[in-house]
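**Q** can't give you the sequence, but here's the structure:
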């Protein structure tokens, strides 16, 4: 995917030069391996900093919420689905955007890769679908599919769903994956096992809220955990409050989550936050035949009413 | 004080022995990362780490700490009276503290234990603690301790310094507290005459392994308002998502928020770590927020560490170069880059160096 870089820069310079947009939002190379930085370009010079590789896992739709400018945005499949969701939810207008679509072959998982090596990784290079990971005294080349973030490994919407221009040919969508395998495992557990599973999942949380803040869906002016008049949720490390935050946040994302994986990617502790959102995605698919952000022409099931909406789950 | 040389077995035995006199904390690998925890009986620290994911700050300054309890029972004599919780710290020892983290305690002490104000919770825990450091023989790529007031063999803030040399350890007691710990651990055996040279060689090699640095020499002479109004804040803050990761993993971030929690007719007053990255941090009761915009909050964090603190205490920056915020920031905001921008900012030309080193 690194060959997209030149095309992104070309398009960025052109749309800036033509005055089509005020800024181009993309990624620039980070100061660490596997860590690119969201960045905006307003000139040819800053456009030359834009890059693309398998470390662009953050969701850039998070950076356009309520923006007034005309914006070009570099967007992979999941980003475009969140852009669609943003447009439907009136967080930005389609005509403000010039979407530079990126057909995506997945992003690598820095948590997983860091855990694979005892020593510090100082260099990660990409060539086709081979990733070379090196540090002092070691260097290993592995196929990218083995290193993908879990959400990318089971992604079935790699291509942008909405775009003005593409940076490359559309890629083949994965059809032989089960996006909900992990949910099914949890569903098969007994209530006690589930309780313990989620307890173990959340116990290391430090409540930094990186998951919430990296999520394009979490744009509430004041999040329920930050409400102070009245205060709904305690601020301590009390496990009830920690659980309340994660479970309620997941429900706020029901029917809206695109499984972009930004929440897991940014968690400093490596908590598998998608275990919550995935379940709600599965429910929405099974109950309403709905996957978020695939079309601008249909309202999401949870903000519409139909006489034949399923209601057996209401108890 | 005498330099002692012990082997790994004696180290482990000593740590186990010290548990009869101290609550001993140390780095332990949990899932993929090392973190400090209270060591149970027969549990030993794992020194096979570069640095822990979270700093040892929470041992002295827990993320959530109960300060008072109260009753709301009208029939009780002490209804609505805040009662301080027992605040006596048993002797604690943290073994395996890296020199960067060790320096964070004297830095934080300037805030929590000043002539005009003493935070009794922090002070009591701090005074009850013996800091047993572990020198770093090789640095991470994100370490910049040597330009942040310490180094891989830095001693400030430590009571004992351990230096690993293959399977052996040099033990260097630095304070009376340190000597007491060494006594409790039963570490003895004078190192031979060449030990000093050996340690110096290891230190030199370790310092050479620190490849990144910040420039801080001009921060003090900068005009505060010029830095505050510098044009780079918006750009540098762009990627920030305003999570609390940098502040929570930082050994020198000390801010907290006081909260009351009531359960039926009883309640607690507690403090919890807070973060200047959160809008709520400065939200006024009126609804006004003086740091309403993201860039203002990002600016605050760096101005506090790299300018206000520098000016107020004249004792370097409020950063020890541990690199945790760099490694764990989800959007790659790099304090080295920002520090160098601030240090080189020229208000007249509005120019600064941009390269992170």
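**A** Alright, I've got the coordinates. Please read these numbers as outputs of a predicted model, since none were measured by experiment.
**Q** Kindly report the domain assignment for chain B.
**A** For chain B, the structural domains run B:4-60+B:89-209, B:224-264+B:271-344, going by automatic domain parsing.
**Q** Next, see if the shortest one gets close to chain A.
**A** So the one you mean is domain B:224-264+B:271-344. Yes: applying C-beta under 8 Å from any C-beta of the partner chain, one finds domain B:224-264+B:271-344 touching chain A at B:235, B:238-239, B:241-245, B:248-249, B:257, B:259, B:261, B:272, B:275, B:278-280, B:283, B:326-328, B:330-334, B:336-337. Just so you know, the C-beta spots here come from the backbone N, C-alpha and C atoms, and that holds for glycine as well.
**Q** end-to-end on that domain?
**A** Counting by C-alpha to C-alpha, to the nearest Å, you get 14 Å between the two ends of domain B:224-264+B:271-344.
**Q** next one: the first one
**A** Chord length of domain B:4-60+B:89-209, first to last residue, is 26 Å (C-alpha to C-alpha).
**Q** neighbours of residue B:288, just the number please.
**A** 9 (other C-beta atoms under 10 Å in any protein chain shown).
**Q** Let me see the contact set for it.
**A** By C-beta atoms under 8 Å, 6 or more residues apart in numbering or on different chains, residue B:288 lies in contact with nothing.
**Q** and it, that one's in a strand?
**A** No: using DSSP: H, G, I helix; E, B strand; the rest coil, the assignment for residue B:288 is coil, not a strand.
**Q** Need the pLDDT of it.
**A** Note on residue B:288: pLDDT of 94.
**Q** any idea of the pLDDT on residue B:356?
**A** Reading off the model, residue B:356 has pLDDT 48.
**Q** For the spatially closest residue to residue A:213 that is not a sequence neighbour, the count of nearby residues, please.
**A** Nearest residue to residue A:213 in three dimensions, chain neighbours excluded: residue B:241, at 3.9 Å (C-beta to C-beta, 6 or more residues apart in numbering or on different chains). By other C-beta under 10 Å, 25 other residues sit near residue B:241.
**Q** Residue B:241 contacts residue A:65, correct?
**A** No: using C-beta atoms under 8 Å, residue B:241 is not in contact with residue A:65, being 11.3 Å away.
**Q** Leaving out sequence neighbours, find the closest residue to residue A:62.
**A** That would be residue A:216: by C-beta to C-beta, 6+ apart, it lies 4.3 Å from residue A:62.
**Q** correct me, but the one you found touches residue A:58?
**A** No: at 9.8 Å, residue A:216 does not count as touching residue A:58 under the criterion of C-beta under 8 Å.
**Q** what's the spatially most central residue of chain A in contact with, if anything?
**A** The centre of chain A sits closest to residue A:260, judged by C-alpha atoms, centre = their mean, with a distance of 2.7 Å. Going by C-beta under 8 Å, 6+ apart, residue A:260 touches A:59, A:78-79, A:81-82, A:151, A:216.
**Q** Just flag the most distant two among those residues.
**A** A:151 and A:216 (14.1 Å; C-beta to C-beta).
**Q** For those two, indicate the residue with more neighbours.
**A** Set residue A:151 next to residue A:216 and count neighbours by other C-beta under 10 Å: residue A:216 wins out with 29 against 24.
**Q** Wasn't the more buried one part of a strand?
**A** No: Residue A:216 is assigned coil when assessed by three-state DSSP, not a strand.
**Q** Now do it, the pLDDT please.
**A** 97.
**Q** mind listing what it touches?
**A** So residue A:216 contacts A:59, A:61-62, A:65, A:82, A:85-86, A:260, A:262 (C-beta under 8 Å, 6+ apart).
**Q** And for residue B:319?
**A** Neighbour list for residue B:319: B:148, B:214, B:250, B:252, B:305-306, B:335, B:339 [criterion: C-beta under 8 Å, 6+ apart].
**Q** hmm, back to that, could you pick out which of the residues of domain B:224-264+B:271-344 next to chain A are located in strands?
**A** Members of these lying in strands (criterion: DSSP state E): B:257, B:259, B:261, B:272.
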